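A.B. asks: Predicted model, plus sequence, below.
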Amino acid sequence: MCQRNHIKLISKTKKYTLHKIHHEFLEKLRDIYPEREIKSIFFIVLKSVLNFSNIEYIFHKHESIDANKLPEIKTIINRLKKNEPIQYILRQTEFCGISLFVNKHALIPRQETEELVEMIIKDVQEKRNRVNILDIGTGSGCIAIALKKKLPKSHVTAVDISRQALKVAIKNSHLLKSRILFKRVDILKKNHPLYKQKFHIIVSNPPYVLSSQKKDMHKNVLEYEPEKALFAPDKDPIIFYHKILEFSKKHLATEGSIFFEINPMLKNEIIDKANSLGFKQLRVVKDMNGKERFIIILKEKGNRVLGRGIGV
Ligand code: GLN
């Protein structure tokens, strides 16, 4: 049961009502975030520091908070003012209903990526198979862990080039008691430990932001999230997709699928590359904002020689 021993009706601290703190968030952060976002950050802090829900706020907003909690809240506001993402400040985020630890070594999981996970779960459940899943560039481990939670019979391998990111992912898998095989792998290199296996699902949300898009990005992303996990190399922005497709030619089981999260600006290049490597069954899926955000690629049965029959 939740205990609310930090909220006390202490007249001395009367000036720090929940309502006043809410107001302070709006005042101090209005140059950084739009009002709607400040409100949702405020409610995240309220939940995390004071264990109060949005609804409880409405009923208790004129009550004062425990003065001992004030310094923590002030520190959070100051860090937010320096554009630090709330998820890094609290070292916690939510993904597919799971609470994950995060720090600056891994990207903060995005809502779009939840949609990617949901599509995979649906696909696997429809086929009712025990599947071997590979997540390339796992970061915080969000995709791999959410899949393992929802598809407990599956065997999940998750890889990343960054040792520090893997530490985050491993910590999350321990916290959530999720059995996942983690490996440090540079997918751009040829000989790595994955080359002995076959997978039914290969999923990846690789770095795909273009440097030309930097100007449209918020400081909280640019100054705090790992550049290596965000930006595609200028020289060859689809290199990760290319290498994963090449890897999949051998290591994706027949009738298995690749699930990519993509940058809509790279859609055509990725499709051309997949086609040229022999992948002909592709589907582009929009995210909740109407952006072409995912490509699902099915590996067909090979072109068998059909004797005298007529191939289609
Ligand atoms: N979609 C993320 C963003 O806009 C980037 C994720 C990625 O590069 N894979 O910040």
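C.D. replies: Cool, got the structure.
A.B. asks: I'd say Thr113 and Ile143 touch.
C.D. replies: Yes. Between Thr113 and Ile143 there is a contact under CB atoms under 8 Å: 6.5 Å. Quick note: C-beta positions are derived from backbone N, CA and C, even for glycine.
A.B. asks: higher neighbour count, the two?
C.D. replies: Ile143 (30 against 22; other CB atoms under 10 Å).
A.B. asks: Please report how far that one lies from the ligand.
C.D. replies: Computed as CB to the nearest ligand atom, to the nearest Å, the Ile143 to the ligand distance reads 11 Å.
A.B. asks: Quick one: classify that residue as helix, strand or coil.
C.D. replies: At Ile143 the chain is in helix, as set by DSSP: H, G, I helix; E, B strand; the rest coil.
A.B. asks: Surely Arg293 forms part of a strand?
C.D. replies: Yes. Counting by three-state DSSP, Arg293 is found in a strand.
A.B. asks: Isn't it up against Lys286?
C.D. replies: Yes. With contacts counted by CB under 8 Å, Arg293 reaches Lys286, the gap being 6.4 Å.
A.B. asks: what is in contact with Thr113 and Ile143 at once?
C.D. replies: Common contacts of Thr113 and Ile143 (CB atoms under 8 Å, 6 or more residues apart in numbering): Asn205.
A.B. asks: can you list the residues that contact stretch 193-202?
C.D. replies: Contacts for stretch 193-202 (CB under 8 Å, 6+ apart): 120, 123-124, 129, 131-134, 136, 157, 159, 183, 185, 244, 247-248, 251-253, 256-259.
A.B. asks: From the chain's centroid, how far away is it?
C.D. replies: On the basis of CA atoms, centre = their mean, to the nearest Å, stretch 193-202 sits 22 Å off its chain's mean C-alpha point.
A.B. asks: And it, what's buried?
C.D. replies: Within stretch 193-202, the residues scored as buried using 16 or more other CB atoms under 10 Å are Leu194, Phe199, His200, Ile201, Ile202.
A.B. asks: what's the answer for stretch 283-293, then?
C.D. replies: Buried residues in stretch 283-293 (16+ other CB under 10 Å): Val284, Asp287, Glu292, Arg293.
A.B. asks: Which neighbouring elements make contact with the helix or strand encompassing Leu134?
C.D. replies: Assigned by DSSP states H and E, Leu134 belongs to strand 132-136. Counting contacts by 3 or more CB pairs under 8 Å, 6 or more residues apart in numbering; DSSP states H and E, strand 132-136 is packed against helix 142-150, strand 155-160, strand 199-204, helix 239-251.
A.B. asks: so which of these comes closest to Ile65?
C.D. replies: helix 142-150 (32.0 Å; CB to CB).
A.B. asks: what residues does the stretch 51-200 of the chain put near the ligand?
C.D. replies: Arg110 (CB under 6 Å from any ligand atom).
A.B. asks: For Arg308, report the pLDDT, please.
C.D. replies: On the pLDDT scale, Arg308 is placed at 35.
A.B. asks: Kindly apply the preceding question to Ile121 instead.
C.D. replies: 96.
A.B. asks: Give me the buried stretch members for the worst-scoring helix or strand of the chain on mean pLDDT, please.
C.D. replies: Across the helices and strands of the chain, mean confidence by mean pLDDT, DSSP states H and E is lowest for helix 54-60: a mean of 91. Using 16+ other CB under 10 Å as the test for burial, helix 54-60 gives Glu56, Tyr57, His60.
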